[in-house]
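Asker: Any chance you can model this:
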Amino acid sequence: MLRLRLIFGLSLSAAIIALLLLDGHFAAQPHPRHPIQFMNLDLNLFLYNGLLSTLCVLALTLFTARELLRFAGYLGYRPFGFSVMLFSTLMVTGPYFAFNIERAWGSHDESWAMLAIAVALGVTFFLQAVRRGTQQVMINLAMTTFILVYTGGLAGYMTKLRMEVGGQAGVAVLLFSNFIVKMTDTGAFFVGRIAGRHKMIEWLSPKKTWEGFVGGLAVATALSLLIGPLLQRGGLLARDGAPLMRAEWLAWPWGFLLFGLLMGVASVAGDLCASLLKRDAAVKDSGTSLPGLGGVLDVMDSPLLAAPVAWFFWTRLAAFG
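Answerer: As a prediction, the model looks like this:
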């Protein structure tokens, strides 16, 4: 089982990394001299700036949403899958379209996600009234909104991070952030197996230990301190020639130390949140679509909760001061 988990996990990681690196390669290319025009929009912007990253995040998000819809069915709830899938798509792709439209037209509005939630709520009210009347109105609306926000809302911050930083730096930051998150999981897993003695929250996640938690944080901070400066010196953590981490109080090593700790804590918290959902649905894994790993939620649980933290760190905190 462990061997299958390692083989398939590494294969999946390699495929995602290759896709994101290709996206970064496109972002670094000069645009063609004769742009493809549609309604005064340069479509090359959309082709060269974030398309592959957005599609990758979207695919993982929709598979995760599908698994959560199945969880809800196990518990006897009936959320509206149409609303979840449609508006999760809008929340993930919204930053991609917003930032490319800004570059093309000079007009930008960051309220797309809130608009998507508002319209989703209206559509769900309509579907409830037409299809189910007064049957479990609040439960159906609450469950639909929760799955939408948990999947599309959180995953949208991955796209937002990629687009707001932009170019190759956007890809580098997205990859770096998720690498630290997954390495936290890996470190906690192996340290827990070797030295785990004290259970963390046994009723929720019997295999998690405090030793594993500390080991995961140690791996996250060590890798952040090791790899972060290398990426920075290589110019991959810079935008328009200025380093992303430019706040004086985050001067090395404190910035990368803090980032590693934040990603580590968010990673463990995301894993525990997903465990709570699986416990409620009485399932061990979220699915069987990924051999050795379980379902897509089992892969996305930590990155989902860490995504807004990474976005805030790189686009707000690192530039503050």
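Asker: Now Tyr74. Its backbone dihedrals?
Answerer: Main-chain dihedrals, Tyr74, degrees, to the nearest 10: phi -60, psi -30.
Asker: From Asp280, how far off is it?
Answerer: 9 Å (Cβ to Cβ, to the nearest Å). In this view, the C-beta of every residue, glycine as well, is placed from N, C-alpha and C.
Asker: what does Asp240 give?
Answerer: From Asp240 to Asp280 the distance is 46 Å (Cβ to Cβ).
Asker: So between these two, which is more surrounded?
Answerer: Shown here are Asp240 and Asp280; by other Cβ atoms under 10 Å, Asp280 has more neighbours (12 against 7).
Asker: Show me where the stretch 51-200 of the chain dips below the pLDDT cut-off.
Answerer: Residue ranges of the stretch 51-200 of the chain with pLDDT under 70: 107-111.
Asker: Run through the strands of it in chain order.
Answerer: In the stretch 51-200 of the chain, no strands are defined using DSSP state E, counting those that start in this stretch.
Asker: got a list of what Gly215 touches?
Answerer: By Cβ atoms under 8 Å, 6 or more residues apart in numbering, Gly215 lies in contact with Gly187, Ala188, Phe190, Val191, Gly192, Ala195.
Asker: For Ala247, see how far away Leu225 is.
Answerer: For Leu225, the distance to Ala247 equals 17 Å [Cβ to Cβ].
Asker: next one: Ser53
Answerer: For Ser53, the distance to Ala247 - Cβ to Cβ - is 26 Å.
Asker: Of the two, which one has the most company?
Answerer: Legend: neighbour count by other Cβ under 10 Å for Ser53 and Ala247, higher for Ser53 (27 against 16).
Asker: Just confirm that one contacts Leu174, I think it does.
Answerer: Yes - using Cβ atoms under 8 Å, Ser53 makes contact with Leu174 at a distance of 6.5 Å.
Asker: still on that earlier bit, will you turn the contacts of Gly215 into TSV that also has distance to Leu290?
Answerer: Shown next, in TSV, are those (distance: Cβ to Cβ, whole Å):
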residue	distance to Leu290
Gly187	21
Ala188	19
Phe190	20
Val191	23
Gly192	21
Ala195	28
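Asker: got CSV for these, with neighbour count and distance to Pro30 too?
Answerer: Formatted as CSV, these follow (neighbours: other Cβ atoms under 10 Å; distance: Cβ to Cβ, whole Å):
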residue, neighbour count, distance to Pro30
Gly187, 23, 41
Ala188, 29, 43
Phe190, 15, 44
Val191, 20, 46
Gly192, 22, 49
Ala195, 12, 52
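Asker: now the helices for the stretch 151-300 of the chain?
Answerer: Counting by DSSP state H, counting those that start in this stretch, the segments of the stretch 151-300 of the chain that form helices are 154-165, 167-195, 210-233, 254-281, 296-315.
Asker: Deepest-packed of the ones you listed, please.
Answerer: helix 154-165 (a mean of 26; mean count of other Cβ atoms under 10 Å).
Asker: got the angle between that one and helix 254-281?
Answerer: Relative orientation of helix 154-165 and helix 254-281, computed by axes from the mean of the first three to the mean of the last three Cα atoms, to 10 degrees: 160 degrees.
Asker: For the residue nearest to Leu276 when sequence neighbours are not counted, give me the backbone phi and psi.
Answerer: Spatial nearest neighbour of Leu276, chain neighbours left out: Leu204 (6.3 Å); criterion: Cβ to Cβ, 6 or more residues apart in numbering. Dihedral angles phi and psi of Leu204 (degrees, to the nearest 10) take the values phi -100, psi -50.
Asker: Surely Leu204 and Ser275 touch.
Answerer: Yes - using Cβ under 8 Å, Leu204 is in contact with Ser275, at 5.4 Å.
Asker: pretty sure Glu211 contacts Met200?
Answerer: No - counting by Cβ under 8 Å, Glu211 sits too far from Met200 to count as a contact (9.1 Å).
Asker: Thought Pro95 was touching Gly152, still the case?
Answerer: No - counting by Cβ under 8 Å, Gly152 does not reach Pro95; the two are 11.4 Å apart.
Asker: And these two? Which one has more around it.
Answerer: Neighbours of Gly152 and Pro95, each counted by other Cβ under 10 Å, are more numerous for Gly152; the result is 30 against 25.
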